[in-house]
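Novice: would you be able to build a 3D model of this:
(2 chains)
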Amino acid sequence: MQLNRIAIGLACAVSSVFAQPGTEWPTYGGDLANSKYRPLDQIDAGNFSQMEIAWRFKTDNIGNRPEFKLEGTPLMVKGVVYATAGSRRAAIALDAATGELLWVHGEREGDRGAAAPRQLSGRGLAYWTDGKEERILYVTPGYRLMALDAKTGMPVLTFGKGGAVDLKLDDDQTVQPDLTTGEIGFQGAPVVAKDTVIIGAAFREGMTPKSMRNNKGYVRGFDVRTGKRLWIFHTIPLKNEVGYDTWENGSAEYTGNTGVWTQISVDEQLGLVYLPVESPTGDYYGGHRPGANLFGESLVCVDLKTGQRKWYFQLVHHPLWDMDISSAPLLADITVNGRAIKAVAQPTKQGFLYVFDRVTGKPVWPIEEKKVERGTVPGEWYSPTQPIPTKPPAYARNGISLDDLIDFTPELHDQAVTQIARYKIGPVFTPPVESKEDGPIATLTLGTASGGTNWPGGSYDPETHTVYVYACNSCATPISLLPAPPEVSDMRYVSGTAGRPVRMMAGPGENAGADSPLPTRTAGGRGGRGAATDGGGATATASGGTAAAATADGAATSAAPANSAPGAGAGRGGRGSGATVGGGTSVQGLPIVKPPYSTISAIKLDSGEIRWQIPAGETPDNIRNHPALQGLSIPGTGQSGYNIGTLVTKTLVIAGDGQVTTTDQHPRGAMLRAYDKENGKEVGAVWMPAPQSGSPMTYLWQGRQYIVVAVSGGAYSGEYIAYRLPENR
Amino acid sequence: MRRGGRVLAGMAVAAMGAVGAAQTSRSVWDGVFTAEQAKRGGEISERECVTCHGSTLSGGEEAPALEGGTFLSNWTGLTVGVLFDRIRTSMPQDDPARLTRQQDADVLAYILSLNRFPAAKSELPAQSEVLKQIKIDAAK
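Specialist: All right, here's what the predicted structure looks like:
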């Protein structure tokens, strides 16, 4: 108790200092428009490289094992940094100037946490205040919405039941098979707008669904004061609702997924919410859901107060490529041909930026239905057309032709041509194939599962009306299908490669969170699962900061050493599906496509034109040092990877490298880079011990600007690092 | 005093450098596993690793690639022992205690072979301390 009081005192002291407006970072994306923009200018082109580490916060002990996939972007309000962290996915509060831990709150969810489809630390949390009370909201791995007192980290007992709303309940469906193991969760940051908390849903990865039947990912609004459900939007329409008839043969009744797992944007003034909806059940096979499948892979606008649909636009009819809509819609007030438009711009995996009038849903530039190839997988339903924007042009490579293949030398190109002959290649929307050993072994295109822009999304600069967005140009995911063995799935086809057994593919963080069994090898046996019951929460103070972990699961366990942890690590490079095919997507260890492997683009929304585009990040060591490339002049290639997010300030675009390199200029590490937002020229860089794994944010506190970024991956466990300029420059 | 301090610091750095060099005198280019061991590891990988890392370990949904540029980026400059410990204590993700030390070493041999490091006549050992003397270098 004494420690509790000390921690509370600390937090209050910090909070009482007046913060200048516009200098905080109160939501995941900086604001509800998800701009990831702040007009701060203390750190600029002239001094970026002089930044030093102000503080760092290692997340290893926030949970019972380290995590290697820290994806969070913190908030900063009134001198306190809030974030989710660790394999426990606890909420933490840190002093914005020093990084001192003020409080930590973790939930032990036992079997429910261990069964969660989306474990580990998640991407962030939400802050709310009415001017008096301050709350922090986050979703646990077991899919419970927590409301905490922002000053103390203690649950707000008047919210939901004891501070939590069980999101598996009151969802217009009975989550199957039961509340403990029912597949549904959420790893994103909640959004709060005008006293309404909006929560989406996420599921296991969809390459090998256990069944064509699954829980549905409805979106709900809750009262931030009480936790009472205010509204629900059925992402798969109920009978008699608009869109139900786009699920033929009654498939809306049993198909699931179709959640909103990424960030939601809100225009509070208009009272409108923008929902980027993901794929329905079965990432690559839709034979059990014939029809266009509204509102799968649709941008849906709903009323903030009621959840009533205002407009929608389906980006992909009958989704078959795992395109989802993977990132936050960017709300942008622009001027096109002299006309002011309140717009929404949607970056995508497929490398198109879809731009709409956000009031009416009408495309700002025509989006045309174009005929696309019809596939041949038995039982599949194919949409004859797909919508293609006429403007802006695609900002990422979203298909593969022979012209896209590696061409550093004629020999490498010839080898690539030979290798790729086993695949069906083609432009965006090239359909998946049934895998055959004599070919095609898979469809190989770009702009699918891990291409283009993924969950970190883009940034929007309201001063210049420019979207800045990272994209992967080389994250090619071979897509192939095989008949599903009954013991794997009741679906007719799932991901699989001819000549290999069909296996259930696991997703990020499955069985890797703090409620999952611990490695107990040193104790001579396998660890037991914690005996904690659902809802067993713990709040610890600064001094007792790791209590949530230290008093965790009941069975005798030994913590993993610092260099170890379950967890998939931060995924970098093109992810392959379960159907990834032997060595086919690299040529002598080099990407099969030519550089740039990734880019950052500046897209002017007033004109719909790409103003500049640059390779993102240092040329990887294995390219620079590759024996086949010695003597060649290789321009900057950028790095393959799909989880890089950007931050925009008054003058800079800031993004870190997604891979570790070692060069003459810096020791082994990754660089956090600054680019001139006018022309994309790199103007500064500082060293990070590991790749950027969560998008950077910035704030001004007590007269000093900070940039905070999450790093992790490989052997390096999760850490938040805060940079600022030295005091005596 | 100031000068003395600098000399001492310099000595410490030199000493650490020498120790470091001695500890990592071998590299993955020196033939640190056998083809037979890599084959055994491949069979284990087929059972235990591909569900997350993809059927040829070129990356799963979000599990990192264990071959090619991404793998080399993550591990170049570190030692085989660091990678072994990471596998040993955390993989496979759904039951990190399932594999024996020997099986982990075999899987590691397979991963090294996938990345085109040469096989030779002696097997990769299964002791972290020994493996920490073998450096991972992307280039020879």
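Novice: what's the distance between residue A:674 and chain B?
Specialist: Noted for residue A:674: a distance of 22 Å to chain B, by CB to the nearest CB, to the nearest Å. The C-beta positions use only the backbone N, C-alpha and C, and glycine is treated the same way.
Novice: that residue contacts residue A:47, doesn't it?
Specialist: No - between residue A:674 and residue A:47 there is no contact under CB atoms under 8 Å: 9.8 Å.
Novice: hey, what's in contact with both of the two?
Specialist: The overlap between the contact sets of residue A:674 and residue A:47 (CB atoms under 8 Å, 6 or more residues apart in numbering or on different chains) consists of residue A:684.
Novice: low-confidence regions, chain B specifically.
Specialist: Applying pLDDT under 70 to chain B picks out residues B:1-24, B:61-62.
Novice: residue closest to the middle of it?
Specialist: When CA atoms, centre = their mean is applied to chain B, the residue found nearest the centroid is residue B:80 (2.4 Å).
Novice: quick one: the helices in chain A?
Specialist: Assigned by DSSP state H, chain A shows helices spanning A:2-15, A:110-114, A:410-420, A:547-550, A:621-624.
Novice: how about residue B:87, secondary structure?
Specialist: State at residue B:87, reduced to three classes by DSSP: H, G, I helix; E, B strand; the rest coil: helix.
Novice: list the contacts of it.
Specialist: By CB under 8 Å, 6+ apart, the contact list for residue B:87 reads B:104, B:107, B:108.
Novice: now, which of the residues you listed sits nearest chain A?
Specialist: Closest approach between those and chain A, by CB to the nearest CB: residue B:104, at 10.2 Å.
Novice: enumerate the residues of the stretch 51-200 of chain A near chain B.
Specialist: Selection of the stretch 51-200 of chain A residues close to chain B by CB under 8 Å from any CB of the partner chain yields A:65, A:69.
Novice: then the stretch 351-500 of chain A?
Specialist: Counting by CB under 8 Å from any CB, the stretch 351-500 of chain A comes close to chain B at A:449, A:497, A:500.
Novice: what do you get if the cut-off is 7 Å, keeping everything else the same?
Specialist: A:497, A:500 (CB under 7 Å from any CB of the partner chain).
Novice: which ones are touching the nearest residue to residue A:409 once chain neighbours are set aside?
Specialist: Leaving out its chain neighbours, the residue that sits closest to residue A:409 by CB to CB, 6 or more residues apart in numbering or on different chains is residue A:628, at 6.5 Å. Applying CB atoms under 7 Å, 6 or more residues apart in numbering or on different chains to residue A:628 gives the contacts A:409, A:412, A:588.
Novice: burial count for the first one?
Specialist: When you say that, I think you mean residue A:409. Neighbourhood size, residue A:409 [other CB atoms under 10 Å in any protein chain shown]: 12.
Novice: and if you look at residue A:113?
Specialist: If you count neighbours by other CB under 10 Å, residue A:113 ends up with 28.
Novice: and stretch A:366-376, how far from the chain's centre?
Specialist: Relative to the centre of its chain, stretch A:366-376 is centred 28 Å away, using CA atoms, centre = their mean, to the nearest Å.
Novice: in the stretch 601-729 of chain A, what residue is nearest chain B?
Specialist: Distances between the stretch 601-729 of chain A and chain B by CB to the nearest CB are smallest at residue A:714, namely 3.2 Å.
Novice: so that residue touches residue B:74, yeah?
Specialist: Yes - Residue A:714 lies in contact with residue B:74 (CB atoms under 7 Å); the separation is 3.2 Å.
Novice: of these two, who's got more company?
Specialist: residue B:74 (28 against 25).
Novice: what residues does the host helix or strand of that one touch?
Specialist: Using DSSP states H and E, residue B:74 falls within helix B:68-75. The contact list for helix B:68-75, computed with CB under 7 Å, 6+ apart, reads A:572-573, A:586, A:589, A:591, A:620-622, A:640, A:659-660, A:713-714, B:58-59, B:64-65, B:83, B:115, B:136, B:138.
Novice: now with 6 Å?
Specialist: A:572-573, A:586, A:589, A:620, A:622, A:659-660, A:714, B:64-65, B:83, B:136, B:138 (CB atoms under 6 Å, 6 or more residues apart in numbering or on different chains).
Novice: for the closest residue to residue A:515 other than its chain neighbours, list the residues it contacts.
Specialist: Leaving aside its chain neighbours, residue A:515 sits nearest to residue A:113 (3.0 Å; criterion: CB to CB, 6+ apart). By CB under 6 Å, 6+ apart, the contact list for residue A:113 reads A:141, A:142, A:513, A:515.
Novice: redo these as JSON lines? Include distance to residue A:466, neighbour count and pLDDT.
Specialist: Converted to JSON lines, the contacts of residue A:113 look like this (distance: CB to CB, whole Å; neighbours: other CB atoms under 10 Å in any protein chain shown; pLDDT from 0 to 100):
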{"residue": "A:141", "distance to residue A:466": "37", "neighbour count": "29", "pLDDT": "97"}
{"residue": "A:142", "distance to residue A:466": "40", "neighbour count": "29", "pLDDT": "98"}
{"residue": "A:513", "distance to residue A:466": "38", "neighbour count": "30", "pLDDT": "90"}
{"residue": "A:515", "distance to residue A:466": "43", "neighbour count": "31", "pLDDT": "92"}
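Novice: surely residue A:252 and residue A:234 touch.
Specialist: No - between residue A:252 and residue A:234 there is no contact under CB atoms under 6 Å: 9.1 Å.
Novice: more neighbours: which of the two?
Specialist: More neighbours surround residue A:252 than the other of residue A:252 and residue A:234, with 25 against 21 (other CB under 10 Å).
Novice: pLDDT score for the more buried one?
Specialist: Per-residue pLDDT puts residue A:252 at 98.
Novice: distance of it relative to residue A:240?
Specialist: Distance from residue A:252 to residue A:240, counting by CB to CB, to the nearest Å: 11 Å.
Novice: for residue 119, grab phi and psi.
Specialist: Since you didn't name a chain, this refers to chain A. When quoted as degrees, to the nearest 10, the phi and psi of residue A:119 stand at phi -100, psi -170.
Novice: correct me, but it touches residue A:513?
Specialist: Yes - here residue A:119 reaches residue A:513: they are 2.9 Å apart, a contact under CB under 6 Å.
Novice: what sits in contact with each of those two?
Specialist: Residues touching both residue A:119 and residue A:513 (CB under 6 Å, 6+ apart) are residue A:141.
Novice: chain A contacts on chain B?
Specialist: Contacts of chain B with chain A, taken as CB under 6 Å from any CB of the partner chain, map to B:51-52, B:54-56, B:58-59, B:61-65, B:68-70, B:72-74, B:76-78, B:82, B:85-86, B:89-90, B:93-94, B:96-97, B:138-139.
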